[in-house]
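Novice: What follows is a predicted structure for the sequence shown.
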Amino acid sequence: MKQGNLYSAMPQADAILAHMQSGKPITQFEALNEYGCMRLASRIHDLRRAGNVIRCTKIKTTRGKTIASYSLDAKA
């Protein structure tokens with residue numbers, strides 16, 4: 001990973017955390033479109049390792065696919 005890369009892992013993780021702290025859940029599609037993050041599950045893993053309690057909810061799309069939606073756990 002290059003120094004100063006706009007889409008490097010930590011700035012992405014920070015942006016994703018701020019997104020969830022605002023009360024909004026995030027999906028892979030949103031992470032890609034809003035933050036250029038192609039590996040949301042990896043960023044969620046990084047955030048969990050940093051001590052954040054993140055809930056994963058499986059949701060079914062209108063086309064029958066199941067996707068993950070991540071949000072901060074309100075109980076934590």
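Specialist: Sure thing, it's come through. Numbers count the residues shown, from 1 in each chain.

Novice: Name the residues of the lowest-mean-pLDDT helix or strand in the chain that are buried.
Specialist: When the helices and strands of the chain are scored by mean pLDDT, DSSP states H and E, helix 9-21 comes last with a mean of 90. For helix 9-21, a neighbour-count test (16 or more other C-beta atoms under 10 Å) marks 12-13, 15-17, 19-20 as buried. To be clear about C-beta, it is placed using only N, CA and C from the backbone, and glycine gets the same treatment.

Novice: ok, now how distant is Ser69 from Arg49?
Specialist: Distance, Ser69 to Arg49, by C-beta to C-beta, to the nearest Å: 20 Å.

Novice: can you put the buried residues of helix 9-21 in TSV and add distance to Asn33?
Specialist: Formatted as TSV, these follow (distance: C-beta to C-beta, whole Å):
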residue	distance to Asn33
Gln12	13
Ala13	17
Ala15	12
Ile16	12
Leu17	17
His19	12
Met20	16
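
Novice: Run through the strands of this protein in chain order.
Specialist: 26-27, 54-60, 66-72 (DSSP state E).

Novice: deepest of the ones you listed, which one?
Specialist: Most buried of the strands of the chain by mean neighbour count (mean count of other C-beta atoms under 10 Å) is strand 26-27; its value is a mean of 20.

Novice: I'd like to know which of the strands of the chain lies nearest to Ala41.
Specialist: Distance to Ala41, taken as C-beta to C-beta, is lowest for strand 66-72 among those, at 7.4 Å.

Novice: Just checking: what are the partner strands of the closest one?
Specialist: Strand 66-72 has its sheet partners listed here by DSSP bridges as strand 26-27 (antiparallel), strand 54-60 (antiparallel).
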